[in-house]
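1. Quick one, what's the 3D model for this:
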Amino acid sequence: MAKTEQKIPAVVALVGDDVFLQLAALAQLLALLPKGAQRIDYDGETAELADVLDEVRSFAMFGDGKAVVVRNGDDFVKKYRGQLEDYIAAPCDTAMLILRMEGMKATEKVYKLIQKTGKIENCNAPKDVSRWIIDRGKSAYKLNVAPDAARMMADLVGNDLGRLDNELAKLALNCDDGSVLPKHVQQVVAFQREREMFDLTNALAAGNTAAAMARWRQLLQLDRSSEFRAVTWLGIWLENVRKAQPMIKRGESAGAVGAALRIWPPEMQLPFFQTAKSMGSRAASRAIDSLAEIDYQIKTGVGDAAANVERFMLSLFHPS
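-> Residues are numbered from 1 along each chain as shown. Just a heads-up that it's a prediction; the model follows:
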């Protein structure tokens, strides 16, 4: 059976705050055009409506198609709303007009018109990043990402879809059978330094300062930039300690606290809970203030950064 050609929309709005999703959607749209089609870009903040519409209505100089892309489309639509509504109601088929926008309400007339004569692409970051990782792994890389592996990726990387996609591509090269488990996530090179820093904060969470110091010195030998990244990771860990305090007071279990704060791996939830409980809210707050001061010292070149971080870690459980 012959493959059905996908219809090329006359007007498309890429609506959302995620750059990766916008660029991915844009690439898919451009792939619909014939080979050698032209692409013309405008900045919506400065573009004139007449110039954009003239480009849309004129024939392509080379090839059989054309895409006119307007970034910062919110400003463009706001400035020329009425005229754009007239054009979108009866668009020409000589080129595809693509508006890249951060937001547009479904109740707006321009939204309804684009829905009728073109296409709206939702480019907002997903609320369930783990689900996105699983779906993206399957559709783009033929990977079967286990739910716990997806959650680990989301915890390590956050909601940066571009980086997550990059890591999925690397996992596709490292997983021969296409199955992605937590152990594979831990082994990916891009996570290696983060994992080592993660082990350091886990040692602190368990109250094991000797193991934390050993990990810290090993990190410094491997990567001198660790002294700068450590402040960020220690800050994340201390914020979790602070957030745990009211949960502990309410009598929530170590498992409930660990799950709510995404403490990985699961066996670290009880040590984290015990450490947070022993520190208390006042000590956690003082530690956050102290870390902020160390961060300032590092950024202003006061003292030795690595030594400052080491003294801070020692002071957590052995205050002077």
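
2. Now residue 97: which helix or strand?
-> Using DSSP states H and E, residue 97 sits within strand 96-101.

3. Sheet partners, orientation included, of that strand?
-> Strand 96-101 pairs in its sheet with strand 11-15 (parallel), strand 66-71 (parallel), by DSSP bridges.

4. ok now that strand, how far from the chain's centre?
-> 23 Å (C-alpha atoms, centre = their mean, to the nearest Å).

5. Same check on stretch 108-125?
-> On C-alpha atoms, centre = their mean, the centre of stretch 108-125 falls 24 Å from that of its chain.

6. State the distance spanning the first to the last residue of that stretch.
-> Taking C-alpha to C-alpha, to the nearest Å, the first and last residues of stretch 108-125 lie 22 Å apart.

7. Now do the buried residues in it.
-> Going by neighbour count (16 or more other C-beta atoms under 10 Å), the buried part of stretch 108-125 is 110-111, 113-114, 118-121, 123. In this view, the C-beta of every residue, glycine as well, is placed from N, C-alpha and C.

8. can you tell me which residues contact the spatially most central residue of the chain?
-> The centroid of the chain falls nearest to residue 160 when counting by C-alpha atoms, centre = their mean (1.2 Å). Counting by C-beta atoms under 8 Å, 6 or more residues apart in numbering, residue 160 makes contact with residue 20.

9. can you check residue 21 too?
-> Applying C-beta under 8 Å, 6+ apart, the residues near residue 21 are 123-125, 161.

10. And residue 182, by the same measure?
-> Residue 182 neighbours (C-beta under 8 Å, 6+ apart): 146, 148-149, 152, 265.

11. let's see it at 6 Å
-> 148-149, 152 (C-beta atoms under 6 Å, 6 or more residues apart in numbering).

12. Which among those count as buried?
-> Counted by 16+ other C-beta under 10 Å, the contacts of residue 182 give 149, 152 as buried.

13. thinking again about what came up before, tell me the one of the contacts of residue 21 nearest residue 65?
-> The closest of those to residue 65 turns out to be residue 123 (C-beta to C-beta; 22.5 Å).

14. Kindly provide the distance from that closest one to residue 29.
-> 12 Å (C-beta to C-beta, to the nearest Å).

15. remind me which residues of the protein are low pLDDT?
-> 1-6, 60-64, 189-195, 222-225, 299-300, 318-320 (pLDDT under 70).

16. any chance you could map the strands in it?
-> According to DSSP state E, the chain carries its strands in the segments 11-15, 38-43, 66-71, 96-101, 119-122, 144-145, 179-180.

17. Can you give me the neighbour number for the residue lying closest to residue 96 once chain neighbours are set aside?
-> Once flanking residues are discounted, residue 96 sits nearest to residue 67: 4.8 Å by C-beta to C-beta, 6 or more residues apart in numbering. For residue 67, the neighbour count with other C-beta atoms under 10 Å is 22.

18. so what's residue 67 bridging to?
-> Beta-bridge partners of residue 67, as defined by DSSP bridges: residue 39, residue 96.

19. related to what we said a few turns ago, ok, the buried residues of stretch 108-125 vs residue 43, which is closest?
-> residue 123 (18.2 Å).

20. The closest one against residue 17, yeah?
-> No. In this structure residue 123 lies outside contact range of residue 17 using C-beta atoms under 6 Å: 7.5 Å.

21. just to revisit the earlier point, residue 129 is nearest to which of the strands of the chain?
-> strand 144-145 (11.9 Å).

22. strands paired with the closest one, and their directions?
-> Sheet partners by DSSP bridges: for strand 144-145, these are strand 179-180 (parallel).

23. Contacts for the strand it pairs with next, please.
-> 143-145, 149, 171.

24. please redo it, this time with the cut-off set to 7 Å
-> 137, 143-146, 149, 171 (C-beta atoms under 7 Å, 6 or more residues apart in numbering).

25. Just those: which are in helices?
-> Within those, residues falling in helices by DSSP state H are 137, 149, 171.

26. Which of these sits closest to residue 130?
-> For the ones in helices among the contacts of strand 179-180, the nearest to residue 130 is residue 149 (9.2 Å; C-beta to C-beta).

27. roughly how far apart are the nearest residue to residue 42 once chain neighbours are set aside and residue 52?
-> In space, and not counting its chain neighbours, residue 42 is closest to residue 70: 4.9 Å by C-beta to C-beta, 6+ apart. Separation of residue 70 from residue 52 (C-beta to C-beta): 6 Å.

28. Please apply the same query to residue 237.
-> On the measure of C-beta to C-beta, residue 237 and residue 52 end up 50 Å apart.

29. for residue 28, same thing?
-> 22 Å.

30. same thing with residue 128?
-> 37 Å.

31. which of these two has more neighbours?
-> Each of residue 128 and residue 52 has its neighbours counted (other C-beta under 10 Å); residue 52 has more, 22 against 11.

32. before we move on, back to that, go ahead and confirm the residue nearest to residue 96 touches residue 99.
-> No. Residue 67 is beyond contact range of residue 99, at 11.6 Å (criterion: C-beta atoms under 7 Å).
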